[in-house]
Each structure stands twice: as structure tokens, then as C-alpha cells.
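Chemist: What follows is a predicted structure for the sequence shown.
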Amino acid sequence: QTHNTQNTLFNMSYEERMISMGLADQGDILKSLNNKSTILLDVRTMDEIAASGKIEVEGLPWMQTACSPMSSDLDLDTDNVDKNAPVVLYCRSGRRASRAKQILERRGFKNVLNGGGYGDMRNMGL
């Protein structure tokens, strides 16, 4: 079932995934990435990152923690992170980033954007 779900997600347009997974507007993502206090959080596995690389934005901190759609929490120390700082999340399709967004918001983060998948971020010129 997971394989079929992933295939369905990759066949959907960004706009369709904005609705189904809560992806942020691409203009809002790009605007946030121009803010030097933004944190870029990759929730893919290290194997996925090794296979395709990571998104880097000059001057922005990059963080990584693996997240699954079933995760109840993240293995990420956020105690000393400003909860008002913008956070842009991405994974492979946007599904895990959606789950991570819920977790961070539960931890008190106020400005979390789901950037979708690695390919979506690349398509924005990153």
C-alpha cells in the first residue's frame, strides 16, 4: 500500500498536493528562504540524502532528522531553537514533511512551512 500511495503522490501536481498534504505556497517558501533566520529542515533518511543530495541555501542553517508518516515525535533537539523562527521542511514527496510540521507545531513552533519534496524544492530553483 505504501508503494501505491507514493506513486499516487508523485503523479499529483504541486497544487493537488498543496490541498491533500498542506504544502505551502511556493512564493511563501521562497520569501521565507530569503529570511536569514529561517531553518531548513530535511526529514528524509540519510540514504535518501546520499542518493540525491541536499538543498543548501547560502546563509541558512540546514538540519536533518528522519521522519515517517507514522512518527509521533522527531529525534531532534529543539530546546534551544527560536520557536518563532521560520522553518521550511521537505522530504521526498511532502508527506513526511507534513507529519513533521504537525510535530513541530505541537512543540510550539509558530511559522512552519511544508516545502514538499526534494524535487519541488529543486523546481523552485534551489
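Modeler: Alright, I've got the coordinates.
Chemist: which outside residues touch the biggest helix by length in the chain?
Modeler: In the chain, taking DSSP state H as the definition, the longest helix is helix 95-106. Residues outside helix 95-106 that contact it (CB atoms under 8 Å, 6 or more residues apart in numbering) are 5, 9, 21-23, 41, 43-44, 65, 67-74, 78, 87, 89-91, 112-117. Using the backbone N, CA and C atoms, a C-beta is placed for each residue, glycine as well.
Chemist: Just checking: what are the partner strands of the helix or strand following it?
Modeler: Using DSSP states H and E, the next helix or strand after helix 95-106 towards the C-terminus is strand 112-117. Sheet pairing here is set by DSSP bridges, and for strand 112-117 it gives strand 87-91 (parallel).
Chemist: Can you show me the helices along the chain?
Modeler: 2-11, 14-21, 26-33, 46-52, 95-106, 118-123.
Chemist: on that earlier part again, distance from the longest helix of the chain to the middle of the chain?
Modeler: On the basis of CA atoms, centre = their mean, to the nearest Å, helix 95-106 sits 8 Å off its chain's mean C-alpha point.
Chemist: likewise stretch 35-43?
Modeler: Here stretch 35-43 shows a centroid-to-chain-centroid distance of 9 Å under the convention CA atoms, centre = their mean.
Chemist: Determine which stretch of the helices of the chain is the most buried.
Modeler: Of all those, helix 95-106 has the most neighbours on average by mean count of other CB atoms under 10 Å, namely a mean of 21.
Chemist: Redo the helices of the chain as TSV? Include distance to residue 83 and mean pLDDT.
Modeler: Below are the helices of the chain laid out as TSV (distance: least, CB to CB, whole Å; pLDDT from 0 to 100):
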stretch	distance to residue 83	mean pLDDT
helix 2-11	29	59
helix 14-21	23	84
helix 26-33	15	96
helix 46-52	26	95
helix 95-106	9	94
helix 118-123	23	95
